[in-house]
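*Asks:* Could you work out the structure for the sequence below:
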Amino acid sequence: MPPEMRTARLTILIDPRKKSVFERLCVEEDATPSQVVRRLIRGYIEERQGRPWRPEAPQPLPRRTRNSTRGSH
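*Replies:* This next block holds a predicted model:
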């Protein structure tokens with residue numbers, strides 16, 4: 001699989017203890033935190049869309065219906 005373009009930045013806030021454990025586990029896996037987060041995001045996308053991720057083909061978002069909107073009622 002060709003490498004993906006890495007041009008966007010995602011900033012998250014995380015509990016410092018979780019960050020420390022996460023970074024230690026990444027070292028044990030010989031992976032960078034960015035590699036692991038990209039893998040987690042790709043898996044989440046594939047799970048939600050029900051198909052493999054292809055970086056060369058834009059993936060359309062599912063259409064929201066009136067009944068599927070959050071916060072109604």
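
*Asks:* Now do the helices in the protein.
*Replies:* Using DSSP state H, the helices of the chain run over residues 16-28, 33-49.

*Asks:* I'd like to know which of those helices has the weakest mean confidence.
*Replies:* In terms of average pLDDT, helix 33-49 trails the rest of these, at a mean of 95.

*Asks:* what angle sits between it and helix 16-28?
*Replies:* Angle of helix 33-49 versus helix 16-28, following axes from the mean of the first three to the mean of the last three C-alpha atoms, to 10 degrees, is 100 degrees.

*Asks:* Roughly how far does the spatially closest residue to Gln35 that is not a sequence neighbour sit from Thr7?
*Replies:* Of all residues beyond its chain neighbours, the one nearest Gln35 is Cys26 (7.7 Å), with distances taken as C-beta to C-beta, 6 or more residues apart in numbering. In this view, the C-beta of every residue, glycine as well, is placed from N, C-alpha and C. The gap separating Cys26 from Thr7 is 22 Å, by C-beta to C-beta, to the nearest Å.

*Asks:* coming back round to it: just list the residues touching the residue nearest to Gln35, thanks.
*Replies:* For Cys26, the set of contacting residues under the criterion of C-beta atoms under 8 Å, 6 or more residues apart in numbering consists of Thr32, Pro33, Gln35, Val36.

*Asks:* quick one: which of these has the most company?
*Replies:* Each of the contacts of Cys26 was scored by neighbours using other C-beta atoms under 10 Å; the highest score is Val36's, at 15 neighbours.

*Asks:* buried stuff in stretch 12-27?
*Replies:* Cys26 (16 or more other C-beta atoms under 10 Å).

*Asks:* With only the CA atoms kept, save that stretch in PDB.
*Replies:* Output in PDB follows, covering the C-alpha atoms of stretch 12-27 (Å, rounded to 0.1, in the frame of the first residue of the first chain):
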ATOM      1  CA  ILE A  12      -6.100  16.100  21.100                       C
ATOM      2  CA  LEU A  13      -6.200  16.500  24.900                       C
ATOM      3  CA  ILE A  14      -5.500  13.400  26.900                       C
ATOM      4  CA  ASP A  15      -5.000  12.600  30.600                       C
ATOM      5  CA  PRO A  16      -1.200  12.800  31.300                       C
ATOM      6  CA  ARG A  17      -1.300   9.300  32.800                       C
ATOM      7  CA  LYS A  18      -2.900   7.800  29.800                       C
ATOM      8  CA  LYS A  19      -0.400   9.600  27.600                       C
ATOM      9  CA  SER A  20       2.500   8.200  29.500                       C
ATOM     10  CA  VAL A  21       1.200   4.600  29.400                       C
ATOM     11  CA  PHE A  22       0.300   5.000  25.700                       C
ATOM     12  CA  GLU A  23       3.800   6.200  24.900                       C
ATOM     13  CA  ARG A  24       5.400   3.400  26.800                       C
ATOM     14  CA  LEU A  25       3.300   0.800  25.000                       C
ATOM     15  CA  CYS A  26       4.200   2.400  21.700                       C
ATOM     16  CA  VAL A  27       7.900   2.000  22.500                       C
END
